[in-house]
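>>> Next come a sequence and a model predicted from it.
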Amino acid sequence: MGTEKGNENIVWHSHKITKEQRSALKKQRPCILWFTGLSGSGKSTIANAVEGRLYEMGKHTYLLDGDNIRHGLNRELGFSDEDRVENIRRIGEVCKLFVDSGIIVLSAFISPFRSDREKVRRLVEEDEFVEIYVDVPLEVCESRDPKGLYKKARKGEIGDFTGISSPYEAPENPEIRLSAHQQSVEESVDQIIEYLKERGYLDEKKQ
């Protein structure tokens, strides 16, 4: 990896221990499980359940959640389109580091813009980005409204709210599509775990 324009004094340092060695030690193939969907679709709930299942299987994981990231790394960012782009850019870079460490990283963010998700996909190698579209209609998400955010958005108390006053660009070809309003959390978890098994992410023999 070379230097970046304007940062000619900054040089990428390769490490003695490689991603492949870290992955082999953990007996898994690292990847990003990128959950995307509207607020209230169930992204965090399903991502937590998937991480729990992987933990039970002895896999090494970490879950990045939207609100938690905004408490620290991205605390100064708001919800304008510009800040949302920067939010996802930083999260993507963090995910890349986790993948390099051999971890299966789960991210649960609305990530409304298709171009931002594609930028994250391009940060890692082919097959290291698994887009999971939690496909729940707006009216169902709005009826759930666990944080009362849709109600505030409809009253104009929250600006740039995805699905109401800011667009959500649904994935066109996600690796996994979950009809989370028509199936249980366990069924969604089973669907994801089966995908990972079939493609060798959890098989130590395919490192």
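Alright, I've got the coordinates.
>>> Between the two ends of stretch 120-127, how far is it?
Terminal residues of stretch 120-127 lie 12 Å apart, using C-alpha to C-alpha, to the nearest Å.
>>> which parts of that stretch are buried?
120-121, 123-124 (16 or more other C-beta atoms under 10 Å). For glycine as for every other residue, the C-beta is placed from the backbone atoms N, C-alpha and C.
>>> of all those, which comes closest to Glu175?
Closest to Glu175 out of the buried residues of stretch 120-127 is Arg121 (10.2 Å), distances taken as C-beta to C-beta.
>>> wait, isn't the closest one in contact with Glu131?
Yes: contact status for Arg121 versus Glu131: in contact at 7.3 Å, counting by C-beta atoms under 8 Å.
>>> Just the buried residues of the helix-or-strand element of the chain with minimal mean pLDDT, please?
Within the chain, no helix or strand scores below helix 66-71, which has a mean of 80 by mean pLDDT, DSSP states H and E. Residues of helix 66-71 classed as buried by neighbour count (16+ other C-beta under 10 Å): 66, 69-70.
>>> Just give me how far that helix sits from the chain centre.
Chain-centre distance of helix 66-71: 13 Å, with C-alpha atoms, centre = their mean, to the nearest Å.
>>> Not counting that helix itself, show me its contacts.
Defining contact as C-beta atoms under 8 Å, 6 or more residues apart in numbering, one finds that helix 66-71 is touched by 44, 77, 87, 90-91, 108-110.
>>> need the helices for the protein, in chain order.
Using DSSP state H, the helices of the chain run over residues 19-26, 43-56, 66-71, 81-100, 114-123, 138-144, 149-154, 185-198.
>>> picking up where we left off before, please tabulate the contacts of helix 66-71 in a markdown table, including the columns neighbour count and pLDDT.
Below are the contacts of helix 66-71 laid out as a markdown table (neighbours: other C-beta atoms under 10 Å; pLDDT from 0 to 100):
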| residue | neighbour count | pLDDT |
| --- | --- | --- |
| Ser44 | 19 | 94 |
| Leu77 | 16 | 90 |
| Asn87 | 22 | 90 |
| Arg90 | 14 | 94 |
| Ile91 | 23 | 94 |
| Ala108 | 29 | 94 |
| Phe109 | 24 | 91 |
| Ile110 | 24 | 92 |
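>>> would CSV of the residues you listed with distance to Ile32 be doable?
Putting these into CSV (distance: C-beta to C-beta, whole Å) gives the following:
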residue, distance to Ile32
Ser44, 16
Leu77, 20
Asn87, 16
Arg90, 14
Ile91, 10
Ala108, 12
Phe109, 11
Ile110, 16
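>>> between the residues you listed, which is nearest Pro146?
Closest approach between the contacts of helix 66-71 and Pro146, by C-beta to C-beta: Ser44, at 10.0 Å.
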